[in-house]
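**Student:** Let's see this in three dimensions:
(chains A, B, C and D)
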2 protein chains.
Amino acid sequence: MKNDRLGQMTPRPRYLQLAEDLIGEIRDGRLSVGQTLPGEFELCESYGVSRHTVREALRRLEELGLITRQRGVGTVVTASDSRESYVQKVRSPAQLMQYPPESRLMVISSGEVVADRVTARLLGCTSRTRWYRIRAIRQLRPGGAAIAWSDIYVLPEYADIVAAVGRQSTPIYELLEQRFDERVATVQVDLFAGLITADRAELLGVAAGTPSLSVVRRYTGRNKRVFEVSVSEHPAGRYTYSLELHRGWSSGEGWAAG
Amino acid sequence: MKNDRLGQMTPRPRYLQLAEDLIGEIRDGRLSVGQTLPGEFELCESYGVSRHTVREALRRLEELGLITRQRGVGTVVTASDSRESYVQKVRSPAQLMQYPPESRLMVISSGEVVADRVTARLLGCTSRTRWYRIRAIRQLRPGGAAIAWSDIYVLPEYADIVAAVGRQSTPIYELLEQRFDERVATVQVDLFAGLITADRAELLGVAAGTPSLSVVRRYTGRNKRVFEVSVSEHPAGRYTYSLELHRGWSSGEGWAAG
DNA sequence: AGTGGTCAAATGTACGGACAAATGCTAAGT
DNA sequence: ACTTAGCATTTGTCCGTACATTTGACCACT
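**Tutor:** Below is the predicted model of the structure:
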């Protein structure tokens, strides 16, 4: 199984291809949980890449929580990722603010709206506030199952940002930071139970009334003005938000993510 | 090897020393938010290390959310640490519990169980593992509406803990730490969508099939052994899990969860 | 004045090599 | 039988080099 499909044709970095290959093997069960992976040098040989590339790929799998590595022992599979559901792991402070990386947004519609009472309550703003709303679905692969319906509200003066959405996997708040000189000061993340309404069910490919995980992220700028709020609905079974906290042992007290 | 600034004596890896150096400079304000860091090659020169080491250090800062890097542009400071204030504010996972202090657990039943395949998957253990399970509901006031159904799994040898549950509002993991000399090393919190099954609906006072927020907390001890897992179901509308993160500027710096 | 091309600078990817440190096993020694 | 020393294996750290890709700025040309 030498896998020559790490060809040159794609512009995709080799370490990413290798990582996806390995993830696929774990998902398919060719590499099962508890099993020890081939050593790094062995992987170099069988995939025809340098050790640097192998280690970069393994680092990725480690960040995803799929493997653990131990010096002198080896690399062991610790979790299997199921194909249709996505687990967002938060293991470092930087990941707390983000949407799932390497997933793509597909814009469905966009336009200016005025917040009614229900929406205002959801967004944490006053009624009749004007927002520019971008409706979109988020999927892991183009054409794959959607893992979320997202309504992204940004200030009306930032409406132009919609042109850049979906083209890259860059988070919206980062685009706003770059293009409009915003600076994220605080992020508030709320998670609660909800359900998929009929108008969204079809695009998500689930039955209306399916339970969902609602995630609201509010991004506040330096002047304490909320400049972006995203409301995401994740159908049951397709998404898990996973937070991992470690007790700092060197500093004694305290907890930290990552 | 020149290596003047980063001493050679310490067994600490150089990239970590460099990372801590840079974190210190950011915290002290010698590198302020918005400022562009010296290029990688420049850092190589001034610290007398290879580019690989520099990049390894920068990667660490990136994971902490302190910097963002962009090809063709450079590395920009996006936050002034950090860990100090973060660990200061999240002194215990009590904040992660997020239950009002006055809420109480009411034990419904308890006994030893053997994990079947579904349960094992949920708890993150192997099949046929033995657990002592405490079923309970959590309510804000005695006789008030329940905000959660909780299945709390502890190691069989800790079964006695059930006597103390519900008498105080102390979290279970804290009771275990006190009575059985456990020490929580890491906590993993998973959140996903679920629904209330018929057998639980009545006690919770909602209709069967009501959407719910499922929260699984896994407490791992020093020896990497999971000694408690709690599975909670929160009916829609009664509970919101909220995280707030601050990105330090001049006041209220650091990251905080709360 | 605008447009487009070129170039330098910066990070990203990828190759190579070498040694260090941790682990588990085996064999020698008591 | 037990302990200890040594060895092979595996991941971690670190160095060097080269080229790719992206970006922004400068400059020549229309």
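**Student:** Could you list the low-confidence segments of chain A?
**Tutor:** For chain A, applying pLDDT under 70 flags the ranges A:1-10, A:81-85, A:93-94, A:96-102, A:142, A:166-169, A:247-258.
**Student:** Per the annotation, how does it divide into domains?
**Tutor:** Domain ranges of chain A: A:4-82, A:93-257, per automatic domain parsing.
**Student:** Adding mean neighbour count, write those domains out as JSON lines.
**Tutor:** From N, CA and C alone the C-beta is placed, and that goes for glycine too. Shown next, in JSON lines, are the domains of chain A (neighbours: other Cβ atoms under 10 Å in any protein chain shown):
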{"stretch": "domain A:4-82", "mean neighbour count": "15"}
{"stretch": "domain A:93-257", "mean neighbour count": "18"}
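**Student:** With respect to chain B, which of the ones you listed lies nearest?
**Tutor:** For chain B, the closest of those is domain A:93-257, at 2.7 Å, according to Cβ to the nearest Cβ.
**Student:** hmm, back to that, of the domains of chain A, which is nearest residue B:219?
**Tutor:** Closest approach to residue B:219 among the domains of chain A is made by domain A:93-257 (10.3 Å; Cβ to Cβ).
**Student:** Reformat the domains of chain A as TSV; add distance to DNA strand C.
**Tutor:** Shown next, in TSV, are those (distance: least, Cβ to the nearest atom of the strand, whole Å):
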stretch	distance to DNA strand C
domain A:4-82	2
domain A:93-257	12
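**Student:** All the strands of the stretch 151-258 of chain A, residue numbers only.
**Tutor:** Here the stretch 151-258 of chain A has its strands, by DSSP state E, counting those that start in this stretch, at A:186-195, A:211-220, A:226-235, A:239-247, A:255-257.
**Student:** that older thread, among the domains of chain A, which comes closest to residue B:147?
**Tutor:** Nearest to residue B:147, of all those, is domain A:93-257, at 11.5 Å by Cβ to Cβ.
**Student:** The closest one near DNA strand D anywhere?
**Tutor:** No. Counting by Cβ under 7 Å from any atom of the strand, no contacts exist between domain A:93-257 and DNA strand D, the nearest distance being 7.9 Å.
**Student:** Over to stretch A:46-66?
**Tutor:** Yes. Stretch A:46-66 lies within reach of DNA strand D by Cβ under 7 Å from any atom of the strand, at A:52, A:55, A:58.
**Student:** Need those in CSV (columns: distance to residue A:233).
**Tutor:** Compiled in CSV, these are given as follows (distance: Cβ to Cβ, whole Å):
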residue, distance to residue A:233
A:52, 41
A:55, 38
A:58, 34
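**Student:** Serialize the residues you listed to TSV and add fields for distance to residue B:197 and secondary structure.
**Tutor:** Listed next are the residues of stretch A:46-66 next to DNA strand D as TSV, based on distance: Cβ to Cβ, whole Å; DSSP: H, G, I helix; E, B strand; the rest coil:
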residue	distance to residue B:197	secondary structure
A:52	50	helix
A:55	45	helix
A:58	40	helix
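**Student:** Which parts of the stretch 51-200 of chain A are helices?
**Tutor:** Per DSSP state H, counting those that start in this stretch, the stretch 51-200 of chain A carries helices over the ranges A:51-63, A:117-123, A:172-180, A:198-204.
**Student:** Distance to residue B:175 added to the domains of chain A, as CSV?
**Tutor:** Formatted as CSV, the domains of chain A follow (distance: least, Cβ to Cβ, whole Å):
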stretch, distance to residue B:175
domain A:4-82, 29
domain A:93-257, 17
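**Student:** Of all the ones you listed, which one comes closest to residue B:234?
**Tutor:** Shortest distance between residue B:234 and the domains of chain A, using Cβ to Cβ, is found for domain A:93-257: 6.3 Å.
**Student:** re earlier: between the residues of stretch A:46-66 next to DNA strand D, which sits nearest residue B:171?
**Tutor:** residue A:58 (36.3 Å).
**Student:** who are the neighbours in contact with residue A:59?
**Tutor:** With Cβ atoms under 8 Å, 6 or more residues apart in numbering or on different chains as the criterion, no residue contacts residue A:59.
**Student:** now do 10 Å
**Tutor:** The contact partners of residue A:59, taken as Cβ atoms under 10 Å, 6 or more residues apart in numbering or on different chains, are A:15, A:19, A:67, A:69, B:59.
**Student:** same thing with residue A:180?
**Tutor:** Neighbour list for residue A:180: A:154, A:155, A:157, A:158, A:160, A:161, A:221, A:227 [criterion: Cβ under 10 Å, 6+ apart].
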